[in-house]
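# below: sequence and its predicted model.
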Amino acid sequence: SQTIHQWPATLVQPVGSPLSLECTVEGTSNPNLYWYRQAAGRGLQLLFYSVGIGQISSEVPQNLSASRPQDRQFILSSKKLLLSDSGFYLCAWSIAGGYNEQFFGPGTRLTVL
Amino acid sequence: GENVEQHPSTLSVQEGDSAVIKCTYSDSASNYFPWYKQELGKRPQLIIDIRSNVGEKKDQRIAVTLNKTAKHFSLHITETQPEDSAVYFCAANTDKLIFGTGTRLQVFP
């Protein structure tokens, strides 16, 4: 069966510090991968998605970036965090090539102080 | 691109009553419509989905209806229970899922 991992689970970072969040998927090959951000009490904002290694589509211009160095690894990064980067970051995967369910990871709660 | 609107933003019902959440979408090419439930501090979990070749789908107390002509779809929860309290998100999919803004459902015992 497939599983999706995210770490860390929680993170408190000062403004201006760098960020690296990692997501890995097990039990499937060539998944579509997604990063979402959810501000407190708000909806799901799609940040990036990837259909393959090195292929990243950005949905919202901002100080975040994403990379996919391996088939089942997706990384969200920032060089300098802003207060507005605080939120609940969710990674998700879906089967490639169709209109399919997305499975979400457990999320990382980021607080920027 | 696709735009999904969801109403209401909050919904309070008495235990045992029904709850209905409605969504509209803009892209007629969308053909997959999932509904997710998110409990406080947890990840969203799929509860039901429907594809555009079907008008209605039911799973126990939960049902979803789709009107492709009008470009809207709805979630129906019957005989609500306190454990149904959560935030519910609809979504529509062309090449990626676009989510609605969510409905906070509270079921009072």
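Here it is on my side, so go on.

# show me the contacts for the spatially closest residue to B:L40 that is not a sequence neighbour.
Nearest residue to B:L40, sequence neighbours excluded (C-beta to C-beta, 6 or more residues apart in numbering or on different chains): B:A86, at 7.7 Å. In short, each C-beta sits where N, CA and C put it, glycine included. Counting by C-beta atoms under 8 Å, 6 or more residues apart in numbering or on different chains, B:A86 touches B:37-40, B:104-105.

# got phi/psi on B:A86?
phi 180, psi -180 (degrees, to the nearest 10).

# so how far is chain A from it?
Remark: distance between B:A86 and chain A (C-beta to the nearest C-beta, to the nearest Å) = 13 Å.

# same deal with B:E2?
11 Å.

# where does that residue land in three-state SS?
coil (DSSP: H, G, I helix; E, B strand; the rest coil).

# that one against B:S30, yeah?
Yes: proximity of B:E2 to B:S30 meets the contact threshold set by C-beta atoms under 8 Å, at 6.0 Å.

# between these two, tell me which one has more neighbours.
It is B:S30, of B:E2 and B:S30, that has more neighbours when counted by other C-beta atoms under 10 Å in any protein chain shown, with 22 against 17.

# burial count for residue 39?
No chain was given, so I picked chain A. In terms of burial, A:A39 registers 13 neighbours under the definition other C-beta under 10 Å.

# chain B is the one I meant
Around B:E39 there are 12 other residues, counting by other C-beta under 10 Å.
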